[in-house]
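Peer 1: Okay, here's the prediction I keep looking at, along with the sequence it came from:
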Amino acid sequence: MVVIPDAVLLEDKAACISVQQAMLKHCGEQHNRVAILDIWGGFRDRADNTGDCVDDFRNSLGINYLSFGTAYYPWVNTTIVQENELDYTAIHNRDKLVELLKNDIGGMKDVDPTAANVPLKIKQQLEALGDVMKTDAEWAAKLAPGAGGGAAGTAGGSPAPAGAPGAAPGAPTVIDAEMKVAIATHKGLLTSSLRTMSPLFKTILDGVRQHLNLLPPSAAMAGIYTMVDATRGVWKAPANVSLNSVVSPAVSISHAEQEDLNVTTQGKSINAIRAFIGEGVLVWGARTLDGNSLDWRYINVRRTLIMLEESCRLAAKALVFEPNVSSTWVTIKSMISNFLTGIWKRGGLAGAVPDDAFSVHVGLGETMTPDDILEGIMRITVLVAVSRPAEFIEITFQQQMQKS
């Protein structure tokens, strides 16, 4: 699988499409992998006034190597980043943050912190807001011994190196592993204090967390593919499977809206991620971008053929330079037949009996000519009937006459 979730972070939509076209080309030329693509701007509703992100994707992607790619819409709201993993350093323009918090916290407007009549609580709050602007070096200087930080000095009475805890005042403070832990601890305590002091700060961090947790689904789908491969097999469609750590899709999709995603005149099928009552968030599609192709419509069919081709190719490598005679042909035919029988028993191939599911052909007069023998070529033909998913289930009810 080729997955580049960061492609959607490119500011230019055309640049993202260029990356995705290169992914499809790479997979098509290598012929042994598939690309999982995201929709640029896929967190927006298709009816958004900024334009239809799905139509833009379809119109820009082109028509090359579509059977080697699959795409998913919309993005998903996750719980990857937890509340305790964020602090005030997640905000880049902290000077603006301090201004907002001063206006939000009561009694701070136009306060002179040096005035004698300033209440102690206000002074502590102003000091906390001043700490927001501190760099790591300034934190280290504040926490160093002699500066009120209380860090431990060196043991055994030996002189401390410059900048180490216990060093002479004025020496540059070295940010070692112990100091990094102390700085991280104080940043966490400051973040907790700011949450208590200002409801606005909590709202800001919650907004940052929601933004960070809005993710394109391709990385999660790579995990879904791997899980389904391990539990069921590569021939099982990676659909009707729930997504862990996902709260909801960024856009709610109805049955009618999914129809256009799944089946379109262009053939560029987009797999939907939908929320169902009582079931959670499910992957609700297993098509490649080549939706008009009967051969390569489903991603599990493409990946099953890739798995079979690569397995047989690597197995046949052991017989390179063996005599191109009937005994070698029987060996390789038996080896491939045994492998495919195992796949058929596990449900990867369609057919009531193995002869209906696959056939292997090799030999002079069957797949090779005498010229092929002289040129050192062994030709093997493998025919397989790959199982396809039941994408639509139709049940017909009829009334019948009473029989008894």
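Peer 2: Received it, and whenever you're ready, just let me know what you need. Residues are numbered from 1 along each chain as shown.
Peer 1: where exactly do the strands run in the stretch 301-404 of the chain?
Peer 2: For the stretch 301-404 of the chain, applying DSSP state E, counting those that start in this stretch gives strands covering 358-362, 380-384.
Peer 1: Going by contacts, tell me the helices and strands next to the last one.
Peer 2: In other words, strand 380-384. helix 299-316, helix 326-345, strand 358-362 (3 or more C-beta pairs under 8 Å, 6 or more residues apart in numbering; DSSP states H and E). C-beta: built from backbone N, CA, C; applies to glycine.
Peer 1: Which strands border that strand, and is each parallel or antiparallel?
Peer 2: Here strand 380-384 is paired, per DSSP bridges, with strand 358-362 (antiparallel).
Peer 1: Run the chain-centre distance for the partner strand.
Peer 2: 39 Å (C-alpha atoms, centre = their mean, to the nearest Å).
Peer 1: Contacts for that strand, please.
Peer 2: Here strand 358-362 makes contact (C-beta atoms under 8 Å, 6 or more residues apart in numbering) with 329, 332-333, 336-337, 340, 344, 349, 351, 367-368, 378-385.
Peer 1: before we move on, back to that, deepest in the core, which of the strands of the stretch 301-404 of the chain is it.
Peer 2: Of the strands of the stretch 301-404 of the chain, the one with the most neighbours on average (mean count of other C-beta atoms under 10 Å) is strand 358-362, at a mean of 18.
Peer 1: burial count for Val54?
Peer 2: 22 (other C-beta atoms under 10 Å).
Peer 1: now do the one 4 residues further on
Peer 2: Other residues lying near Arg58 total 19 when counted by other C-beta under 10 Å.
Peer 1: Buried ones only from the contacts of strand 358-362, please, as a ChimeraX command.
Peer 2: Buried members of the contacts of strand 358-362, defined by 16 or more other C-beta atoms under 10 Å, are picked up in ChimeraX with:
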select :329,332,333,336,340,344,349,367,368,378,380,382,384
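Peer 1: circling back to that earlier point, generate CSV for the strands of the stretch 301-404 of the chain, with mean pLDDT as supplementary columns.
Peer 2: As requested, these are arranged in CSV below (pLDDT from 0 to 100):
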stretch, mean pLDDT
strand 358-362, 95
strand 380-384, 95
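Peer 1: could those be laid out in JSON lines, adding distance to Ile299?
Peer 2: Formatted as JSON lines, these follow (distance: least, C-beta to C-beta, whole Å):
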{"stretch": "strand 358-362", "distance to Ile299": "21"}
{"stretch": "strand 380-384", "distance to Ile299": "17"}
